[in-house]
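Colleague: Give me the fold of what follows.
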Amino acid sequence: MTTYARRARWVLAALVAGALHAAPAYADNFLVEDFDDVSTLAAKGWVQVNASSPAVPGDPWFQGNPGVFDALSGASDSYVATNYTSAGFGGVVSNWLILPELTLNSFNTFTFATRSAGTFPDRLEVRLSTNGASTSLGDFSTLLLTINPALNPGGYPSAWTTFTINLASALGPLGTNGRLAFRYFIDDNSVNGDYVGIDSVNVSPIPEPATITLLGLGLTGLVVRRRANAQKGA
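Modeller: Now for the predicted structure:
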């Protein structure tokens, strides 16, 4: 083994040991929500905002109604739902369901299931804010996904369908405090908007910083090894 390769291995070992010893743990920073009791969401950090025009009083999101359809799993009503009635007749429905603040980065995935009653066109947006605990709607400027953007009849799933969003395209590898949000967004509820449910929300845990470091150092190790082999062949 060359002196260069030997020194590189010592440095790599020291960096790995330091990462394992000093890195804080973020592995518990994740979210799983099955909506067994929607009335407890506020206590968990979830926020509802009815930004419809003209808005109708009352919570825009509510416990699922098995008379319309059953939950994806668990009790038949264990999902969260919303519908077109949050705005006055002919109005614009803009119902927000904002997740608790999380530390998010490109290693996260955001998974949820949704479906519509299917009679009139529905639309759902998924948005991201990187402004910490803020619930100001203007901070949710990053649009991650739109289901049925053109409000086409039959364009929203009428059976439970799971969507997975990889946050790599919106966030870098370093953690950023922010929130994800659902927005039920309907133009002219006299002809659009029905009833949608959301179930099985999951934000994957962030890997330990030491794990992220090890991934990078592993690549470094491969480079060192290839250089050492190249020197042997020289």
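
Colleague: Let me see the domain layout of the protein.
Modeller: Here the domain parsing of the chain from automatic domain parsing is 1-25+208-234, 26-206.

Colleague: Pick the most deeply packed of those.
Modeller: Highest mean neighbour count among those (mean count of other CB atoms under 10 Å): domain 26-206, with a mean of 18. Where you see a C-beta, it was placed from the backbone N, CA and C, and this is true even at glycine.

Colleague: Distance from it to the middle of the chain?
Modeller: 10 Å (CA atoms, centre = their mean, to the nearest Å).

Colleague: follow-up on the earlier one: so can I have TSV of the domains of the chain showing mean pLDDT?
Modeller: Supplementary listing: those in TSV, determined by pLDDT from 0 to 100:
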stretch	mean pLDDT
domain 1-25+208-234	45
domain 26-206	95
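
Colleague: contacts for stretch 61-75?
Modeller: Stretch 61-75 is contacted by residues 34-39, 48, 76-82, 95, 97, 113, 115, 117, 160, 195, 197, 199-200 when judged by CB atoms under 8 Å, 6 or more residues apart in numbering.

Colleague: And stretch 149-161, by the same measure?
Modeller: 72, 113-118, 120-124, 147-148, 186-187, 192, 196, 199.

Colleague: Quick one: end-to-end distance for that stretch.
Modeller: With CA to CA, to the nearest Å applied, stretch 149-161 spans 16 Å between its terminal residues.

Colleague: same question, stretch 131-146
Modeller: Counting by CA to CA, the length from the leading to the trailing residue of stretch 131-146 is 21 Å.

Colleague: does residue 171 sit in a helix, a strand or a coil?
Modeller: Using DSSP: H, G, I helix; E, B strand; the rest coil as the criterion, the local structure at residue 171 reads coil.

Colleague: Run through the residues that contact it.
Modeller: So, once contact is read as CB under 8 Å, 6+ apart, residue 171 ends up touching 104, 105, 106, 108, 128, 130.

Colleague: Could you confirm the fifth one falls within a strand?
Modeller: If I follow you right, that is residue 128. Yes: the assignment for residue 128 by three-state DSSP puts it in a strand.

Colleague: Can you name the residues bridging to it?
Modeller: With beta bridges defined as DSSP bridges, residue 128 has these partners: residue 142, residue 180.

Colleague: Next, the contact list for it, please.
Modeller: Contact criterion CB under 8 Å, 6+ apart gives 104, 140, 142, 144, 167, 170, 171, 178, 179, 180, 181 as the residues in contact with residue 128.

Colleague: Most widely separated two among these?
Modeller: The two members of the contacts of residue 128 with the most space between them (CB to CB) are 171 and 181, at 15.0 Å.
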